[in-house]
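Trainee: this one's structure only:
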């Protein structure tokens, strides 16, 4: 019996250890190790590139994490729920605006949306929020602006709100169709993956530092988001350096460069499976633009990837039936292509 008990205790140790290992830091370590083994001379330049890029982005990171800490500690997240009141058309507009500016990450959206759906909020307003929310939040705006420029960040924000509005409006118009009838799963999964505290309820407390629990929330949110951004941006800048070093610019320009709708369609198609993380994507897109990617393809890539990356997709899949999920993906792809066309045209006009 003792041997049997000992045998059963070992297998669980492996998976538990694997779950505790942070995959972003692990990927960065593996990438550096591969450089040391196969191209030792490039290891130093790659590390310098990543460190210098992080230092250059540091003011944006600091502003972003302090902002998100303040929003969470003050309870400003509760103001987002006000978007889901009133007439349906008004709800769609407010939900799209709230989604494009909300501080929620993709997994935090799951319990929030589950509660809204349970209260009978129309699917059209939820769809508007769902489409806009993964594309932009305060930290992502500042990271995007610092790397790709303020114009690109603003254009992506406008695209997020516009796609949310369009998706919500189309859902409202087709709400009696077989696609959107009875949209919810019987037992939706509402768990989050961020391990973040439950948001404060009631009115926001803007001078939050007078309450110990709010100070603790500010500290926890600031530390958590600092670590989150550092680990993903470190990986992103390492990948950017490797991409610039080893991927021929002619190949990138030949595939997703040039004009026309072809590169934009390809950017949207590649965006979903190639997307690692919203923050990681920003330096990668910067590298792709340096290598010859068209502006329109860059925008379609980053929009499509944002809405169909695993965390964002899981947030939708967990709560609604497959046909509604398919509509979400369709809205995301169409919005990415149209956003790419619009940004490509704008970039051509101001060039």
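Mentor: Sure thing, it's come through. As the structure is a prediction and not an experimental result, all values here were calculated from the model. Numbers count the residues shown, from 1 in each chain.
Trainee: what's around residue 213, how many residues?
Mentor: Burial measure for residue 213: 11 neighbouring residues, criterion other Cβ atoms under 10 Å. C-beta here means a position set from N, CA and C on the backbone, and glycine is covered the same way.
Trainee: Ok, residue 283 next?
Mentor: By other Cβ under 10 Å, neighbour count at residue 283 equals 25.
Trainee: Repeat that for residue 22.
Mentor: 11.
Trainee: That one contacts residue 230, correct?
Mentor: No - with contact defined as Cβ atoms under 8 Å, residue 22 does not count as touching residue 230 (11.1 Å).
Trainee: Which strands and helices lie in contact with the host helix or strand of residue 60?
Mentor: In this structure, residue 60 sits in helix 40-74 according to DSSP states H and E. Applying 3 or more Cβ pairs under 8 Å, 6 or more residues apart in numbering; DSSP states H and E, one finds that helix 40-74 contacts helix 23-38, helix 138-148, helix 212-246.
Trainee: Can you list the buried residues in the longest one?
Mentor: Along helix 212-246, these residues count as buried under the neighbour rule (16 or more other Cβ atoms under 10 Å): 214, 217-218, 220-222, 224-226, 228-244.
Trainee: What's the mean pLDDT across it?
Mentor: The average pLDDT for helix 212-246 rounds to 85.
Trainee: Show me what that helix packs onto, helices and strands only.
Mentor: helix 23-38, helix 40-74, helix 138-148, helix 278-290.
Trainee: any chance of these in CSV, with distance to residue 207 and mean pLDDT too?
Mentor: What follows is the helices and strands packed on helix 212-246, written out as CSV (distance: least, Cβ to Cβ, whole Å; pLDDT from 0 to 100):
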stretch, distance to residue 207, mean pLDDT
helix 23-38, 35, 92
helix 40-74, 8, 86
helix 138-148, 20, 86
helix 278-290, 30, 80
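Trainee: Let me have those helices in JSON lines, extended by distance to residue 122.
Mentor: Converted to JSON lines, those look like this (distance: least, Cβ to Cβ, whole Å):
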{"stretch": "helix 23-38", "distance to residue 122": "37"}
{"stretch": "helix 40-74", "distance to residue 122": "26"}
{"stretch": "helix 138-148", "distance to residue 122": "27"}
{"stretch": "helix 278-290", "distance to residue 122": "27"}
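Trainee: before we move on, back to that, for residue 346, which of the helices and strands packed on helix 40-74 is the nearest?
Mentor: Of all the helices and strands packed on helix 40-74, helix 138-148 sits nearest to residue 346, with 13.9 Å by Cβ to Cβ.
Trainee: sorry, back to before: redo the helices and strands packed on helix 40-74 as JSON lines? Include distance to residue 270.
Mentor: Below are the helices and strands packed on helix 40-74 laid out as JSON lines (distance: least, Cβ to Cβ, whole Å):
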{"stretch": "helix 23-38", "distance to residue 270": "20"}
{"stretch": "helix 138-148", "distance to residue 270": "18"}
{"stretch": "helix 212-246", "distance to residue 270": "14"}
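Trainee: Quick one: residues contacting residue 184.
Mentor: 117, 319, 320, 321 (Cβ atoms under 8 Å, 6 or more residues apart in numbering).
Trainee: what about it, distance to residue 321?
Mentor: 7 Å (Cβ to Cβ, to the nearest Å).
Trainee: now residue 243
Mentor: Using Cβ to Cβ, one gets 39 Å for the distance from residue 243 to residue 321.
Trainee: Now do the phi/psi pair for residue 184.
Mentor: Main-chain dihedrals, residue 184, degrees, to the nearest 10: phi -90, psi 150.
Trainee: Show me what it is bridged to.
Mentor: Here residue 184 sits in beta bridges with residue 320, going by DSSP bridges.
Trainee: Return the residues in contact with residue 265.
Mentor: Contacts of residue 265 (Cβ under 8 Å, 6+ apart): 300, 337.
Trainee: Could you do residue 151 as well?
Mentor: No contacts exist for residue 151 under Cβ under 8 Å, 6+ apart.
Trainee: which SS state does it fall under?
Mentor: helix (DSSP: H, G, I helix; E, B strand; the rest coil).
Trainee: Mind pulling up the pLDDT for it?
Mentor: The model's pLDDT for residue 151 equals 94.
Trainee: now it: how far from residue 286?
Mentor: For residue 151, the distance to residue 286 - Cβ to Cβ - is 14 Å.
Trainee: Isn't residue 175 up against residue 122?
Mentor: Yes - the pair residue 175 / residue 122 is scored as a contact, 7.4 Å apart, by Cβ under 8 Å.
Trainee: of those two, who's got more company?
Mentor: residue 122 (22 against 15).
Trainee: Now the more buried one: closest residue in space, sequence neighbours ignored.
Mentor: Nearest residue to residue 122 in three dimensions, chain neighbours excluded: residue 88, at 5.1 Å (Cβ to Cβ, 6 or more residues apart in numbering).
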